[in-house]
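Chemist: After the sequence you'll find the predicted model.
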Amino acid sequence: MSSHDFQSLHLRRHLQDRNEEEGYLTVLKKDDSYVSFNVTRNYNLRPKELENENLYDYTETYYITGQIPNNANSNPNCMFLHPDDPFQDKKGVKKRKVAVIPDIIGPRPPHLFDIEEEELEKYSEIALLLCKPHRNSAQLLRSKRKYSEAF
């Protein structure tokens, strides 16, 4: 038994989704209803109130719910999705009562000892993806050509 709860953070999906239009679609069953979502899209279209949340902290602190919180307007722990999200009227975002530890699944960042150019680029991309708030990959690059330059 663990003293902490974990939440999977599928890093490979975020890296792939940025290069593909469709990305992955996940369907979950909760009680008697099904909730579908695209992991990357949910982060990119998070509520405006969470504009400064990076992917790691967002996963740790918030989750998508399949129902709109009745008290979303008056409760700071419940929020409507971003206005650009087509599911804004069907889903909401809630703050977890207890933060979870994001369990990163997918490629691990390379070690920084004797790192080569290609590995530095991969390390920089993963670090920016996890730690820099963004709504699309262009915001990660900040007009640079390479992730290592933006990092």
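Modeler: Thanks, I have it.

Chemist: From now on I want contacts and neighbour counts done on CA atoms only, so please keep to that.
Modeler: Noted.

Chemist: For Lys94, grab phi and psi.
Modeler: Recorded main-chain torsions at Lys94 are phi -120, psi 150, according to degrees, to the nearest 10.

Chemist: separation between the residue of the chain most remote from its centre and Leu120?
Modeler: For the chain, the residue at maximal distance from the C-alpha centroid (CA atoms, centre = their mean) is Asp114, at 30.1 Å. The gap separating Asp114 from Leu120 is 10 Å, by CA to CA, to the nearest Å.

Chemist: what does Asn52 give?
Modeler: In this view, Asn52 and Leu120 are 25 Å apart by CA to CA.

Chemist: returning to what we had before: in contact with the residue farthest from the centre of the chain, which residues?
Modeler: By CA atoms under 8 Å, 6 or more residues apart in numbering, Asp114 lies in contact with nothing.

Chemist: Is Arg135 in contact with Leu45, as I believe?
Modeler: Yes. Taking contacts as CA atoms under 8 Å, Arg135 lies within contact range of Leu45: 7.0 Å.

Chemist: number of nearby residues for Tyr147?
Modeler: Here the number of neighbours of Tyr147 (other CA atoms under 10 Å) works out to 21.

Chemist: correction: Pro133
Modeler: Using other CA under 10 Å: Pro133 sits among 21 other residues.

Chemist: do the same with Thr61
Modeler: Thr61, neighbours per other CA under 10 Å, totals 17.

Chemist: From His134, how far off is the residue nearest to Leu141 when sequence neighbours are not counted?
Modeler: The shortest distance from Leu141 to any non-neighbouring residue, by CA to CA, 6 or more residues apart in numbering, is to Ala150 (5.4 Å). According to CA to CA, Ala150 and His134 sit 13 Å apart.
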